[in-house]
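Trainee: what's the 3D shape of this:
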Amino acid sequence: MKLQQADLDYFARGTWQNPQFWRRFGGQPDFDGARVLDVGCGHGSMVIYIARAGAAKTVGLDLNCELIAFANANLAQNYPDLAPRVTFRCQDLRDYPEDAAFDYIISKDSFEHIIDLRGMLQEMKKRLRPGGRIYAGFGPLYNSPFGDHDYTKSRIPWRHLMLGEEMLVARVNHRWKTDHIHSLHDLGLNGLSLAEYERIFAESGLKIVDFRPNSSEKLVSKLFALPARFRPLREYFTFNIYIVLEKPAR
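Mentor: Model prediction:
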């Protein structure tokens, strides 16, 4: 398989962003000898990063088979030394063996797209060893200034909330010249509020080890810090979440 430059560029961008991802948690875990699963691995940059950090086994899952094809080809051509410790699969987590006891499960920029997040957390929990941890960082949250993921093509903050879901869907259908989009879910957005995320995490049966809203090195994080302290404004001034969840020991 010939690797396309656009895919290589995207992979390189992910490689550059990976250290930033871990800084937003205050640092990365010790991956030496660990078994790690990346859910929603995309082009596979985080999987490669973790394998190079010493993980004994790293698995990347994604539902986009074209991305997995690139990840496997890139692994074979550019990282053959890691091949014995790295696996990429185009597979739903629900279809992955439950007896695979991972030390860590990683999810980068995907929780805002997962429609059944409650169910996904339970599937992750099944595949963690007791004491194993989930590291998830994601955003923008739907109720934040640009939480529509640029579907409105507007630089006006909260424009998608002003329009409402029905108008947003109509605009996307018009722009894409289609009539197949009927909801936010069709766009790959779960539309969950900050309060709903907090409730889902609290009811997951997993221990919340760390919870960091608005975790970023960018100026916007500092600008949002003050209004986000006020409960009526938290929902609209919290643009991302970085959370660590732990499976209780038996």
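
Trainee: can you classify S215 by secondary structure?
Mentor: coil (DSSP: H, G, I helix; E, B strand; the rest coil).

Trainee: just the pLDDT for it.
Mentor: Reported pLDDT at S215 in the predicted model: 93.

Trainee: where exactly do the strands run in the chain?
Mentor: Per DSSP state E, the chain carries strands over the ranges 35-39, 57-62, 86-90, 102-108, 128-138, 207-213, 241-246.

Trainee: the first one packs against which elements?
Mentor: Secondary-structure packing of strand 35-39 (3 or more Cβ pairs under 8 Å, 6 or more residues apart in numbering; DSSP states H and E): helix 45-52, strand 57-62, strand 102-108. Quick note: C-beta positions are derived from backbone N, CA and C, even for glycine.

Trainee: what is the orientation angle of that strand with strand 57-62?
Mentor: Using axes from the mean of the first three to the mean of the last three Cα atoms, to 10 degrees, the inter-axis angle of strand 35-39 relative to strand 57-62 is 10 degrees.

Trainee: near K108, how many other residues are there?
Mentor: Other residues lying near K108 total 21 when counted by other Cβ atoms under 10 Å.

Trainee: contacts only, for it.
Mentor: Going by Cβ atoms under 8 Å, 6 or more residues apart in numbering, K108 touches F21, D38, G40, M46, A136, G137, F138.

Trainee: just the residues you listed now: which is nearest D92?
Mentor: Minimum distance to D92 across the contacts of K108 is 11.0 Å, recorded for G40 (Cβ to Cβ).

Trainee: what count of nearby residues applies to that closest one?
Mentor: Neighbours around G40, by other Cβ under 10 Å: 23.

Trainee: that older thread, how about the strands of the chain in TSV, adding distance to E165?
Mentor: Output for those, formatted as TSV (distance: least, Cβ to Cβ, whole Å):
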stretch	distance to E165
strand 35-39	27
strand 57-62	27
strand 86-90	30
strand 102-108	25
strand 128-138	20
strand 207-213	24
strand 241-246	22
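
Trainee: what's the closest of these to Y197?
Mentor: strand 241-246 (6.2 Å).

Trainee: export the least confident helix or strand in the chain by mean pLDDT as PDB, just CAs?
Mentor: Of the helices and strands making up the chain, the lowest-confidence element is helix 219-225, at a mean of 83, by mean pLDDT, DSSP states H and E. What follows is helix 219-225, C-alpha atoms only, in PDB (Å, rounded to 0.1, in the frame of the first residue of the first chain):
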ATOM      1  CA  LEU A 219      -4.900  31.600  26.200                       C
ATOM      2  CA  VAL A 220      -8.500  30.600  25.900                       C
ATOM      3  CA  SER A 221      -8.200  28.300  28.800                       C
ATOM      4  CA  LYS A 222      -7.200  31.200  31.100                       C
ATOM      5  CA  LEU A 223      -9.900  33.500  29.700                       C
ATOM      6  CA  PHE A 224     -12.600  30.900  30.400                       C
ATOM      7  CA  ALA A 225     -11.300  30.000  33.800                       C
END
